[in-house]
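Participant: sequence? don't have it. structure:
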């Protein structure tokens, strides 16, 4: 279980290689040869594989071990007490019983240690010139490969148990859909960030800055222009743009509609319990025989639901910050489990801003994006998917505009005054007569029977580069999607819509939380919008490299204080 020593590399059990200047050239040549073998024979030299931290198998099964111990103790507590009593009475005359009692737990502990050791030996990972590979398993072997030209993101995740020991996991996600993620568990923190940088550097076709080799700029692999190095450089690794304060986060959680409805339900149940308690027989028999006890239990469940919802929102949004980096938007968040996620701006297909009714007096907004490669979660957990695509848990309108600049390079309007007017109509505008000469086109008046309230806000605007749709009466929404991101354009109309001469237009984007569907338009307007979007979606603009995006952001934006 100790460190692994090779001829050209000193590879420790923490999961990363520490190289000396004397062996760097040999190491690079060895990796080049190993990569060539991998590309030709789909195999990599065994000496090139890296170990994960030796605590990894224990951290992967500790929850199951705790559950087993608790279940055994709770189910067999009486048997354990009787065993201790019998030992006190019989051990002096039967020393073999004591030996058996000591030997069995020690044997089970030894078997567990042996299993953890071989599980650690069977877990390893490697980054070659063409892919990221991860293998594990003692009896049932699993070997997963992700080609570098398919990588969508490289993120760092630190669950609570791993953080206690200074460890974290490296997540490499590809565009393969379900089950396309490789999560390398676990590496020491001092190696974790370097491992992430190495994967990104391999994708871009360049070496790490501290490697002693000629600095040659590569063009990267096919399809990885977003990671390619260019002439733009940052003076620092990261620039913080904004950070969500804990006070604002707590207030935003309490002011959501879900929390308000749960509190109202709890109040209704509490009032009902009091009424039943007054009307029922106040004797002990009447209390037990009546429906008071189930009501009291239900009252206790509802606060637990409120606390669970509030805690999940608070835990995922705590310490939330967004930073400008060479690789894209670096998002960090989490109270117990710390997540560091990098979102390449070039892979953002849509962005949606949400403002609940109770946030409106404070001018707060939430932002979430649809990101290529993150639309389908391997676990199928929609809450987890939404958390991964969250770009701003709660923030001001100015911060929302900064998020918009981060996600969409060009709104199709060059003049600052016109651009500001467009955004003002998008976030705060309504369908009034004074807005007849504005950017937005309202839904048809004959749709009033279908949208008696929402029609006062539902409208769309199409610029040269993006389609914007605002919606929501109580809960305002603003969705923006570049034309070029549309995979296809769909026009739909139900029986009642056809009778009223209405139709809806949907841009078919990659799966994600932010969708684009413009509803209840006049049929002719819908047909024209669908035709324009179909034509605009065929125009592909040049992808903006991440480093150039970072320079543009630093030149045009300023961090906004809380």
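Facilitator: Received, thanks. Remember, predicted model here, so these are calculated numbers, not experimental data. Residues are numbered from 1 along each chain as shown.
Participant: residue ranges with poor pLDDT in the stretch 1-150 of the chain?
Facilitator: Applying pLDDT under 70 to the stretch 1-150 of the chain picks out residues 1-44, 75-81, 83-84, 86-101.
Participant: got the residue ranges for the helices in it?
Facilitator: With helices called from DSSP state H, counting those that start in this stretch, the stretch 1-150 of the chain shows them at 24-41, 56-75, 77-90, 95-121.
Participant: got the contact list for stretch 320-332?
Facilitator: 154, 200, 226-227, 234, 237-244, 249, 319, 333, 338-345, 390-393, 403, 406, 546-547, 549-550, 553-554 (Cβ atoms under 8 Å, 6 or more residues apart in numbering). Glycine gets a C-beta too; all of them are placed from N, C-alpha and C.
Participant: and stretch 415-427, by the same measure?
Facilitator: By Cβ under 8 Å, 6+ apart, stretch 415-427 touches 353, 355, 365, 397, 400-401, 404, 411, 413, 435, 438-440, 461, 463, 468, 470, 476, 478, 480.
Participant: list the buried residues of that stretch.
Facilitator: Using 16 or more other Cβ atoms under 10 Å as the burial criterion, the residues of stretch 415-427 that qualify are 422, 423, 425, 426, 427.
Participant: so which of these belong to helices?
Facilitator: Among the buried residues of stretch 415-427, the members found in helices (DSSP state H) are 422, 423, 425, 426, 427.
Participant: quick one: which of those is nearest residue 160?
Facilitator: The nearest member of those to residue 160, counting by Cβ to Cβ, is residue 427 at 37.3 Å.
Participant: could you check the pLDDT of that closest one?
Facilitator: pLDDT for residue 427: 95.
Participant: now residue 180
Facilitator: pLDDT, read off for residue 180, is 70.
Participant: so what's the residue count around it?
Facilitator: 18 (other Cβ atoms under 10 Å).
Participant: which one is it nearest to, not counting chain neighbours?
Facilitator: Nearest in space to residue 180, with sequence neighbours left out and distances taken as Cβ to Cβ, 6 or more residues apart in numbering, is residue 174 at 4.5 Å.
Participant: just list whatever residues bridge to that neighbour.
Facilitator: The residues listed as beta-bridge partners of residue 174 by DSSP bridges are residue 151.
Participant: just give me the neighbour total for it.
Facilitator: Using other Cβ under 10 Å, the number of residues around residue 174 comes to 22.
Participant: contacting residues for it?
Facilitator: Applying Cβ under 8 Å, 6+ apart, the residues near residue 174 are 146, 147, 150, 151, 152, 180, 181, 182, 373.
Participant: ok, back up a step: buried subset of the contacts of stretch 415-427 as a ChimeraX selection?
Facilitator: In ChimeraX syntax, the buried subset of the contacts of stretch 415-427 is picked out as below (16+ other Cβ under 10 Å):
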select :353,355,365,397,400,401,404,411,413,438,439,440,461,463,468,470,476,478,480
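Participant: spatially nearest residue to residue 497 (excluding sequence neighbours)?
Facilitator: residue 503 (6.2 Å).
Participant: quick check: phi and psi at that neighbour.
Facilitator: Phi and psi for residue 503, reported as degrees, to the nearest 10, are phi -160, psi 160.
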